[in-house]
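[1] Turn this into a structure:
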Amino acid sequence: MAKKFKPDLALVDMSLPDQSGIQLTHELKNVSPKTRIMIITMHSKVNYIVKAFQAGATGYVVKESTSERLLQGIDTVLKGEYFMDSSVSHKVIEKLMEFPEKEVKITDASYDTLTRREQEILVLLAQGLSTKQVAEKLFISPKTVENHRSNILCKLNLHSTLELVRYAARLGIIDVELWKG
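    Predicted structure coming up:
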């Protein structure tokens, strides 16, 4: 039916008689990618929550929640935002706190030749921001950004923005995992 009607929203239970809500979420995203999916379940374990969002869900509410929370979740998801029931969000935060902070240690001599401003611009360009976006973010002119970009490429012996992105990824300056999806 989702393939035929392309609904804006699907409410999916995690425990279904013929398959899991995770499998159904995957299938729904395949046949109707724009459909927003709200998981409604009795499961509040972090691994269920993670699997639901990885499968393509955009909301997660436990059945014990009030009808107001469900309506708030539906409204949030339909606006294109993610929603997680407050009764489970603390568990997710606690789990995230277990992960050690990743500290970037750059040991490239060429990188050390860059000024602080050039290093800042390198990161922003490598993250995919345009010259204009970098200029707006740093409150400088696009021409100044281009001058810094040229200096960065010269100092690092790079010849294109693509090489700059590869350089930044190799050093761990940008997280390429964020681009996977």
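[2] pLDDT weak spots in this structure?
    The chain contains residues with pLDDT under 70 at 90, 96-97, 99-107, 175-181.
[3] I'd guessed Tyr48 sits against Met14; true?
    Yes: Tyr48 is within contact range of Met14, at 6.3 Å (criterion: C-beta atoms under 8 Å). From N, CA and C alone the C-beta is placed, and that goes for glycine too.
[4] joint contacts of the two?
    Thr41 (C-beta atoms under 8 Å, 6 or more residues apart in numbering).
[5] between the two, which one's more packed in?
    Met14 (22 against 19; other C-beta atoms under 10 Å).
[6] Pop out the phi and psi values for that one.
    Here is the backbone geometry of Met14 (degrees, to the nearest 10): phi -70, psi -40.
[7] Which residues are in contact with it?
    Residues near Met14 by C-beta under 8 Å, 6+ apart: 20-22, 39-43, 48, 52.
[8] Give me the domain ranges for the protein.
    Annotated domains of the chain cover 2-97, 109-179 [automatic domain parsing].
[9] for the first one, the distance to its chain's centre please.
    Read that as domain 2-97. Here domain 2-97 is found 17 Å from its chain centre; the criterion is C-alpha atoms, centre = their mean, to the nearest Å.
[10] just the last one next, same as before
    Remark: domain 109-179 is offset 21 Å from the chain centroid, using C-alpha atoms, centre = their mean.
[11] buried set for the helix ranked longest in the chain?
    Using DSSP state H to define each element, the chain has its longest helix at helix 142-156. Buried residues in helix 142-156, counted by 16 or more other C-beta atoms under 10 Å: 145, 148-149, 151-153, 155-156.
[12] tell me what that helix is packed against?
    Here helix 142-156 touches helix 109-112, helix 116-126, helix 131-138, helix 161-171, going by 3 or more C-beta pairs under 8 Å, 6 or more residues apart in numbering; DSSP states H and E.
[13] picking that back up, among the contacts of Met14, which two are most distant?
    Ile22 and Met42 (14.6 Å; C-beta to C-beta).
[14] Looking at those two, which one has more neighbours?
    The neighbour count for Ile22 versus Met42, taken as other C-beta under 10 Å, is higher for Ile22 (19 against 11).
[15] That one and Val12: what is the separation?
    Ile22 sits 9 Å away from Val12, taking C-beta to C-beta, to the nearest Å as the criterion.
[16] Same check on Gln19?
    Computed as C-beta to C-beta, the Gln19 to Val12 distance reads 11 Å.
[17] Those two - which one has more neighbours?
    More neighbours surround Val12 than the other of Gln19 and Val12, with 20 against 11 (other C-beta under 10 Å).
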